[in-house]
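Participant: sequence isn't available, so here's the structure alone:
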């Protein structure tokens with residue numbers, strides 16, 4: 001996911017936990033949140049493409065949807081148990097929180113097991129793609 005460069009202060013604010021429910025006139029869309037997943041190869045590197053449903057896209061645009069993000073991650077693991085690799089959940093949560101703002105409607109949220117585990121602030125600053133650029137497919 002490509003995000004516009006953010007100032008350090010904005011990154012710090014965006015990285016704050018958002019687990020507290022926020023009152024909203026819009027109810028949070030219900031699951032399912034994941035249409036399907038598929039593993040792809042980019043040279044010798046693997047990437048898990050997560051295809052979010054419209055419900056996921058709408059929920060991800062709302063604050064206070066950490067519980068829905070966790071439910072969506074559970075759906076990912078149900079569809080692809082081998083995605084339970086260190087760093088993958090963190091990439092997914094980053095995409096949940098920012099993909100629909102940085103690149104609305106992106107076909108898939110791509111997670112790579114070869115990316116390094118980094119603090120959340122670094123994850124956000126890297127556009128959810130720490131350790132290298134986003135794959136070209």
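Facilitator: Sure, I can see it. Bear in mind the structure is a predicted one, so any value in this text is a computation, not a measurement.
Participant: tell me the SS of the residue most central in space within the chain?
Facilitator: Taking C-alpha atoms, centre = their mean, the centroid of the chain lies closest to residue 95, which sits 2.0 Å from it. State at residue 95, reduced to three classes by DSSP: H, G, I helix; E, B strand; the rest coil: helix.
Participant: surely it touches residue 127?
Facilitator: No. Checked against C-beta atoms under 8 Å, the pair residue 95 and residue 127 is beyond contact range at 9.8 Å. (Each C-beta comes from the backbone N, C-alpha and C, glycine too.)
Participant: just the pLDDT for residue 53.
Facilitator: The score at residue 53 is 97. That number is its pLDDT.
Participant: residues contacting it?
Facilitator: Contact partners of residue 53, counting by C-beta atoms under 8 Å, 6 or more residues apart in numbering, are 32-35.
Participant: now do the helices in this protein.
Facilitator: Taking DSSP state H as the test, the helices found in the chain are 8-14, 54-60, 66-79, 88-102, 120-125.
Participant: which elements pack onto the last one?
Facilitator: Counting contacts by 3 or more C-beta pairs under 8 Å, 6 or more residues apart in numbering; DSSP states H and E, the secondary-structure elements packed against helix 120-125 are helix 8-14, helix 88-102.
Participant: not counting its neighbours along the chain, what's nearest the residue nearest to the centre of the chain?
Facilitator: Spatial nearest neighbour of residue 95, excluding adjacent residues (C-beta to C-beta, 6 or more residues apart in numbering): residue 109 at 3.9 Å.
Participant: contacting residues for the one you found?
Facilitator: So residue 109 contacts 1, 49-50, 52, 92, 95-96, 99 (C-beta under 8 Å, 6+ apart).
Participant: repeat that with 7 Å
Facilitator: Taking C-beta atoms under 7 Å, 6 or more residues apart in numbering, we find residue 109 in contact with 50, 52, 92, 95, 99.
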